[in-house]
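Q: Need coordinates for the below:
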Amino acid sequence: MSVPPSAKLRLESAALISNWRALNDLSGDACAGAAVKADAYGLGARSVVEKLLQAGCREFYVANWREASELEDLISGAAQLSVLNGVRESDMPFALQSLAKPVLNSLEQVHRWAGTGRPCDIMINSGMNRLGVNPGDLSGQDLTQLDVDICMSHLACADEDVVQNPDQLAAFIVASDMVTAKRKSLANSAAIALGSAYHFDCTRPGLSLYGGIPRPELNDIIVQVATPQVEILQVRSLKAGDRVGYNAQYIADRDHDIAILAMGYADGYLRSFSGKGIFSVQDISLPVLGRVSMDLIAIDVTGAPQLREGDWVDCAYDLPEASKISGLSQYELITGLGQRFAREWY
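A: Below is the predicted model:
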């Protein structure tokens, strides 16, 4: 017998597919794939892959081989799957029998994979200095034993208008000409909006698939996918002067009712929303009062006196707006939503 959840994520299939199609269209002649690492940014990788396959997506990207193993049966014969963190020595037994491709990030990984006869991708460090082969290390390297599908790199500041973007683009163009590859890829969600010079053959959106808007050019085409919903555990009446929550961060200035919600920072709704967050019911705003606890939140229900124990309210979680309110990045907000939320697709 299953226990009903007290908090859930309402996930909109139409919004996810709309976002991918918009990013694919914006990619021009390039085809848009999908970054589904970190369990599709916390929304459920298997469900996301199934839906995007139906929409026409044919390229998927995960972080490691454990993530790849959870998706192989879905992509077999239908799409390509790339492992962005590359291939460690300990990964080799699984990687050699996997349908997924490693993204080679160092000369050590290049030498490890050379001669396997299996396809791979290769990451160029064009200036981010995270993972990737340095362009200078490519000179004189014999890469003929590699079957390279995608030669890729990653922009550090695509969400900003800074000189590092064209600098990295130029560095990638030079370095990628040193690699014999079938295709090239540079753009994530934000870089897709930088224009066709950054698109090459395939783009790798992630955040914007799930409702994130890293650049203003995406404002009118990306829609919210995930909305947290939570059950009211208790409605209680305050008298003027009553204190609420840890450290008495809220003191009632009048007599009014509050509701206690079954959700807190253990679910990813962090303390930075204390006194700032908003819940709602029927478009009525219900502000967060006092400090967010591990498992509980207090909200002002003055505007919705009909609410009772067992009723559900929505959390205002438009990613750009929630980022402004909380000071957290949109990436943290979407990937941080905890496993106590039941994921429900509509």
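Q: Can you tell me who Arg243 pairs with across the strands?
A: Ile251 (DSSP bridges).
Q: Okay, it and Ala252: tell me how far apart.
A: For Arg243, the distance to Ala252 under the criterion Cβ to Cβ, to the nearest Å works out to 8 Å. Placement of C-beta: from N, CA and C, glycine included.
Q: Those two: which is more packed in?
A: Comparing Arg243 with Ala252 by neighbour count (other Cβ atoms under 10 Å), the higher total belongs to Ala252, at 17 against 13.
Q: From Ile251, how far off is Leu238?
A: Taking Cβ to Cβ as the measure, Leu238 and Ile251 are separated by 9 Å.
Q: Not including adjacent chain positions, what is the nearest residue to Gly115?
A: Spatial nearest neighbour of Gly115, excluding adjacent residues (Cβ to Cβ, 6 or more residues apart in numbering): Gln145 at 5.0 Å.
Q: Thought Pro205 was touching Ala32, still the case?
A: Yes - here Ala32 reaches Pro205: they are 5.7 Å apart, a contact under Cβ atoms under 8 Å.
Q: shared neighbours, these two?
A: Taking Cβ atoms under 8 Å, 6 or more residues apart in numbering as the contact criterion, the common neighbours of Ala32 and Pro205 are 20, 23, 192.
Q: Let's verify the second one: helix, strand, or coil?
A: It refers to Leu23. Secondary structure state of Leu23, per DSSP: H, G, I helix; E, B strand; the rest coil, is helix.
Q: ok, Met263 - contacts?
A: Remark: with contacts taken as Cβ under 8 Å, 6+ apart, Met263 is in contact with 6-7, 228, 230, 269, 295-297, 315.
Q: now do Val230
A: Val230 sits next to 6-8, 261-263, 279, 297, 312-313, 315 when contact means Cβ under 8 Å, 6+ apart.
Q: worst-scoring helix or strand of the chain, pLDDT-wise?
A: helix 135-138 (a mean of 93; mean pLDDT, DSSP states H and E).
Q: quick one: contacts of it?
A: 107, 124-126, 171, 174-175, 178-179.
Q: When you filter those residues down to buried only, what's left?
A: Applying a neighbour-count criterion of 16 or more other Cβ atoms under 10 Å, the buried members of the contacts of helix 135-138 are 124-126, 171, 175, 179.
Q: to the chain's geometric centre, what's the distance from stretch 116-126?
A: Stretch 116-126 has its C-alpha centroid displaced from the chain centroid by 24 Å (Cα atoms, centre = their mean, to the nearest Å).
Q: now this structure, which segments are flagged as low pLDDT?
A: Within the chain, the set of residues satisfying pLDDT under 70 is empty.
Q: Would you mind finding the longest strand in it?
A: Scanning the chain for the strand with the most residues, using DSSP state E, yields strand 226-238.
Q: Parallel or antiparallel, which strands does that strand pair with?
A: The sheet places strand 226-238 alongside strand 7-11 (antiparallel), strand 256-261 (antiparallel), strand 312-315 (antiparallel), with pairing taken from DSSP bridges.
Q: show me what contacts the residue nearest in space to the middle of the chain?
A: The centre of the chain sits closest to Tyr41, judged by Cα atoms, centre = their mean, with a distance of 3.5 Å. For Tyr41, the set of contacting residues under the criterion of Cβ under 8 Å, 6+ apart consists of 35, 206-207, 209-210, 331, 334-335.
Q: Let me have these in CSV, adding secondary structure, distance to Glu160 and neighbour count as columns.
A: Compiled in CSV, the contacts of Tyr41 are given as follows (DSSP: H, G, I helix; E, B strand; the rest coil; distance: Cβ to Cβ, whole Å; neighbours: other Cβ atoms under 10 Å):
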residue, secondary structure, distance to Glu160, neighbour count
Ala35, strand, 20, 23
Gly206, coil, 17, 24
Leu207, helix, 15, 24
Leu209, helix, 21, 29
Tyr210, helix, 21, 29
Tyr331, helix, 15, 17
Ile334, helix, 20, 25
Thr335, helix, 21, 19
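Q: wait, which of those residues is closest to Arg183?
A: Each of these was checked against Arg183 using Cβ to Cβ; the closest is Ala35, at 16.4 Å.
Q: Isn't that closest one up against Tyr61?
A: Yes - at 4.6 Å, Ala35 and Tyr61 qualify as touching, with contact defined as Cβ under 8 Å.
Q: domain ranges for this protein?
A: Here the domain assignment for the chain is 12-216, 226-317, based on automatic domain parsing.
Q: could I get the ones you listed as TSV with distance to Ser323?
A: Rendered in TSV, the data for the domains of the chain read as follows (distance: least, Cβ to Cβ, whole Å):
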stretch	distance to Ser323
domain 12-216	9
domain 226-317	10
